[in-house]
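Engineer: No sequence on hand, only this structure:
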Ligand SMILES: NC(=O)c1ccc[n+]([C@@H]2O[C@H](COP(=O)([O-])OP(=O)(O)OC[C@H]3O[C@@H](n4cnc5c(N)ncnc54)[C@H](OP(=O)(O)O)[C@@H]3O)[C@@H](O)[C@H]2O)c1
């Protein structure tokens, strides 16, 4: 029997945002598929919790506030050679346009766009990507389907989608691929935050627009594993939508 290409054996993968939600599940699922994980985030206690949930050995935590240049550089220095990155760190802060100001703009754009761009710059300068590595960035359906109040979030996600395409263009000579995953609502602390900001009726109406229900972190992790695995070796510069049918009827 030939070996399945849907595996992560002998792959070392960095996951940002590994202290919570989608990032935590990506790390757990990737370890179940045979990968060695580098877990990054700011909250050490939550990163310790994630590492305790992983299969296999030799996983490592590298804490970093990705807003800080010296912490990004430290991360880029400390990591071993990587076969993949899943960038999950991010935030969502909806505001109507008339309430926007420089501070609010910076709060979202710095973590959702500047941080991954500058982190990738540091990793590339340190030559820490193996040939044929796979880079995965968490976007959102908002990147292509903006919503009211979504100036900051939708704009930052559209920007990360463009960045992933530029990475694909610059890195294909080394066989390195870069792709995005764009989920609709997924049950994580970010989902709970959105639920707190809507009335119960609004939330129920929104959830009712998902033919297959709202997503689970496992649904996103499975797509990330596919993109990281040898099975996706011909896929670069694309954006996979995961929405349970929401955009069909939403
Ligand atoms: N949940 C959804 O419905 C949904 C839908 C579409 C797209 N997404 C995207 O998926 C990604 C993960 O979302 P999630 O739902 O898993 O969110 P989450 O549970 O709120 O987790 C956010 C993560 O970002 C990290 N983070 C925030 N600021 C950071 C900083 N300055 N430096 C380093 N890490 C930082 C947090 O780690 P620390 O607190 O430890 O720093 C945390 O691990 C995000 O990019 C989000 O936009 C989510």
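Structural biologist: Structure received. These numbers come from a predicted model, not from an experiment.

Engineer: contacts and neighbour counts: CA atoms only from here.
Structural biologist: Fine.

Engineer: if you count residues, which helix in this protein comes out on top?
Structural biologist: Taking DSSP state H as the criterion, the chain has its longest helix at helix 151-171.

Engineer: and the following helix or strand past that helix, which strands flank it?
Structural biologist: Scanning forward in sequence from helix 151-171 by DSSP states H and E, the next helix or strand is strand 177-183. Strand 177-183 pairs in its sheet with strand 129-138 (parallel), strand 239-242 (parallel), by DSSP bridges.

Engineer: ranking those by burial, who's on top?
Structural biologist: Among these, ranked by average contacts under mean count of other C-alpha atoms under 10 Å, first place goes to strand 129-138 (a mean of 23).

Engineer: buried residues in stretch 96-111?
Structural biologist: Residues of stretch 96-111 classed as buried: 108-111 (neighbour count, 16 or more other C-alpha atoms under 10 Å).

Engineer: which residues of the chain fall in strands?
Structural biologist: 12-16, 36-40, 60-61, 82-87, 129-138, 177-183, 239-242 (DSSP state E).

Engineer: any chance of those strands in TSV, plus mean pLDDT and distance to residue 123?
Structural biologist: Output for those, formatted as TSV (pLDDT from 0 to 100; distance: least, C-alpha to C-alpha, whole Å):
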stretch	mean pLDDT	distance to residue 123
strand 12-16	99	11
strand 36-40	98	14
strand 60-61	98	17
strand 82-87	99	9
strand 129-138	98	7
strand 177-183	99	14
strand 239-242	98	22
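
Engineer: In CSV, list these along with distance to residue 104.
Structural biologist: Converted to CSV, these look like this (distance: least, C-alpha to C-alpha, whole Å):
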stretch, distance to residue 104
strand 12-16, 22
strand 36-40, 24
strand 60-61, 30
strand 82-87, 22
strand 129-138, 21
strand 177-183, 23
strand 239-242, 27
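
Engineer: any chance of those strands in JSON lines, plus distance to the ligand?
Structural biologist: Formatted as JSON lines, these follow (distance: least, C-alpha to the nearest ligand atom, whole Å):
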{"stretch": "strand 12-16", "distance to the ligand": "6"}
{"stretch": "strand 36-40", "distance to the ligand": "7"}
{"stretch": "strand 60-61", "distance to the ligand": "11"}
{"stretch": "strand 82-87", "distance to the ligand": "7"}
{"stretch": "strand 129-138", "distance to the ligand": "5"}
{"stretch": "strand 177-183", "distance to the ligand": "4"}
{"stretch": "strand 239-242", "distance to the ligand": "9"}
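
Engineer: Of those, which is nearest residue 228?
Structural biologist: Proximity to residue 228 (C-alpha to C-alpha) singles out strand 129-138 among these, at 5.3 Å.

Engineer: where's that closest one relative to the chain centroid, distance-wise?
Structural biologist: 12 Å (C-alpha atoms, centre = their mean, to the nearest Å).

Engineer: Wondering if the helix or strand of the chain with the lowest mean pLDDT reaches the ligand at all.
Structural biologist: Ranking every helix and strand in the chain by mean pLDDT, DSSP states H and E puts helix 189-197 at the bottom, with a mean of 86. Yes - counting by C-alpha under 6 Å from any ligand atom, the ligand has neighbours in helix 189-197: 189-191.
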